[in-house]
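1. okay, predicted coordinates and the sequence, questions at the end:
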Amino acid sequence: MSVRPAEFGSHGLNAGALRADARRESLGLLGLCSPGLALVGIIIVLPIGWLFWLSLFDESGQLSGANYARFVEQASYIRTFITTFEVAFLVTGLCGLIGYPLAYMLSQLPRRAASICLIFVVLPFWTSVLVRTYAWLVILQRKGLVNTWLIDLGLISQPLPLAHNFAGVIIGMTHIMLPFLVLPLYASMKTIDADYLRAAMNLGAPPTATFWQVFFPLSLPGLAAGVVIVFILCLGFFVTPALMGGGKVIMWAMRMEQTTSLYSNWGAGSALGVVLLAVTLGLLGLFRWLLGARAANVWGAR
Amino acid sequence: MNDDIGLPISHWRRLWLYGVGALVLLFLIVPSLIIVPMSFSGSTLLQFPPESWSLRWYEAYFQSIEWRDATVVSLKAAVLTTVFATPIGTAAAYALNSGALRLAGFINVVLTASLIIPVILIGIGTFFLYARLGLNNTLTGLVLAHTVQAVPLVVLTVLSGFRSYDMNQERVARSLGAGRFAAFWQVTMPQIRFSIVSGALFAFITSFDEVVVSLFISGGETTTLTRRMFSALRDQIDPTIAAISTCLIVLSIVLLSAAQLFGRRR
């Protein structure tokens, strides 16, 4: 601790003792955090740093940028990135499109009704991703429920390809990501003072104008928080594309798993991880810079 | 917030909004609604509603040694994760809340980093580290990796509990001669214990439902339930998984209701 003479000064008889006390207090509190910090350091920071170090060397052990050059040179990597961003944009867009009306409805309902409806958002949120992906497989696959029903009704003669492809990944991921958008959006809509809306209507604005000119702009920070969290979660998402993609939809995280587990190419896999982390942190940083908000708040909401 | 925000707009004119909202809620809940009845189906075909009813898939689940072992591993890991993550997270939340901690913002970011860092990177990283430490396929490794993911949830839950607690009460206790720990244990803890319990429940379910990291670092005798389910889903769709899924959904409901109940008594 640096000495701050301006504050403690030589006046005040107990300055030294007080300073020592404050230092002891701060150290004690740091001690309370230390098990958690040590755990993060050993389990997360150390291996990721190590992987980053590995990514800087090529297969012959020479320092090189080969692992990163691959990303712009090899078509298969470029395809992976394009697929990943396509899925992330589509899923985020769909979540916004169907999540906004839901959050809006929840924010307008009386408290009791809203908390009952919220159960339907929170329960899937806390249900295993595997369970939900399995359910969508059952519903969407070739001999699944949707196809059986549609054929029984005579609407289609051939089963629709809904699972084990791009469409399946989008549907499954939208379901999993939706609560991440709805919860922060709902929380921020609840803080919009209804007096603003009453004022607008009293001044003669019709309901549509009140919504678009007053409510919607005020809800944008919450929407942005939800959109950012969904987008970055999509970029690194593994389970649903791996199970619902049928091997055809290769996303970033799957590529990382394949390169390391299947081909044991740690340099290439690590480089993928480093870029993914950089993109994730970059997007979060950009968001905080633009809005000065904390995207991580969604976790507090659940 | 008052109960009814009472805008001069009738529910009737908002019917379309309620309709859209209800459809989205249906989309959210439909997978669970379908899996639960299907787990009681009597046939191997995936039909809804099932034509006959039976408990055969639950029998298949409970009688399979592999599924049972995997469940036991997952339960052990989840209990141990809860036991470690709850005190670690609570202690950190206490320090972060005190206001006297230097670098509190930075420490908060580090402690909650695992929520933001892509899980796949944590999985590959821990696998790589454990390969050198001989921790792959061990319960210790599993619990360490799950604890690091559960601590942020405990920290955030307990921090939100501290928001409605006045720290001056503890200061009074200490000025009256109670030691730091005694003051926390006898004055603060009883008042924030509900958020600690909620945090513990979140830690439990985080570990129990964790897939990606377990995929990398568990195997052999310590194969978790989620890892075994993942492999089974890759191969074929076995209705046994519907029975397991139903058990997991019930577990989520029980833990969530418990967390809700404790949260309300705060």
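-> Perfect, thanks for sending it. Numbers count the residues shown, from 1 in each chain, chains lettered A, B, ... in the order given.
2. residue ranges with poor pLDDT in the stretch 1-150 of chain B?
-> Applying pLDDT under 70 to the stretch 1-150 of chain B flags the ranges B:1-10.
3. name the nearest residue to residue 47, ignoring sequence neighbours.
-> If you meant another chain, say so; for now it's chain A. Take A:Pro47 and drop its neighbours on the chain: the residue closest to it by C-beta to C-beta, 6 or more residues apart in numbering or on different chains is B:Gly125, 3.2 Å away. Yep, even glycine has a C-beta here, placed from its N, CA and C like the rest.
4. ah, I was thinking of chain B
-> Nearest residue to B:Gln47 in three dimensions, chain neighbours excluded: B:Ser41, at 6.8 Å (C-beta to C-beta, 6+ apart).
5. check for me that A:Trp50 belongs to a helix.
-> Yes - looking at A:Trp50 with DSSP: H, G, I helix; E, B strand; the rest coil, it is inside a helix.
6. count of residues packed around it?
-> 16 (other C-beta atoms under 10 Å in any protein chain shown).
7. again, but for A:Ala200
-> 19.
8. any idea which element it lies in?
-> In this assignment (DSSP states H and E), A:Ala200 forms part of helix A:194-202.
9. let me know the average pLDDT across that helix.
-> Helix A:194-202 comes out with an average pLDDT of 87.
10. which stretches in the stretch 51-200 of chain A count as helices?
-> For the stretch 51-200 of chain A, helices defined by DSSP state H, counting those that start in this stretch occupy the ranges A:66-73, A:75-108, A:111-125, A:129-140, A:145-152, A:166-190, A:194-202.
11. B:Asn97 is nearest to which of these?
-> Ranking the helices of the stretch 51-200 of chain A by proximity to B:Asn97 (C-beta to C-beta) places helix A:166-190 first, at 20.8 Å.
12. just the buried positions in the closest one, please.
-> A:166, A:168-189 (16 or more other C-beta atoms under 10 Å in any protein chain shown).
13. would you reformat the helices of the stretch 51-200 of chain A as TSV and include distance to chain B?
-> Listed next are those as TSV, based on distance: least, C-beta to the nearest C-beta, whole Å:
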stretch	distance to chain B
helix A:66-73	14
helix A:75-108	3
helix A:111-125	5
helix A:129-140	3
helix A:145-152	5
helix A:166-190	6
helix A:194-202	4
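14. out of those helices, the one nearest B:Leu144 is which?
-> helix A:129-140 (21.6 Å).
15. contact partners of that closest one?
-> Residues outside helix A:129-140 that contact it (C-beta atoms under 8 Å, 6 or more residues apart in numbering or on different chains): A:124, A:144-147, A:162-163, A:168, A:171-172, A:175-176, A:239-240, A:243-244, B:30-32, B:34-35, B:38, B:46, B:209, B:211, B:226, B:229-230, B:233, B:237, B:241-242, B:245, B:248-249.
16. kindly report the same for stretch A:249-259.
-> Stretch A:249-259 is contacted from outside by A:77, A:79-81, A:83-84, A:87, A:165-166, A:169, A:235-238, A:241-242, A:245, A:265, A:268-269, A:272-273, A:276, B:118, B:120-121, B:124, B:212, using C-beta under 8 Å, 6+ apart.
17. of the residues you listed, keep whichever come out buried.
-> The neighbour count (16+ other C-beta under 10 Å) marks A:77, A:80-81, A:83-84, A:87, A:165-166, A:169, A:235-238, A:241-242, A:245, A:265, A:268-269, A:272-273, A:276, B:118, B:120-121, B:124, B:212 as buried among those.
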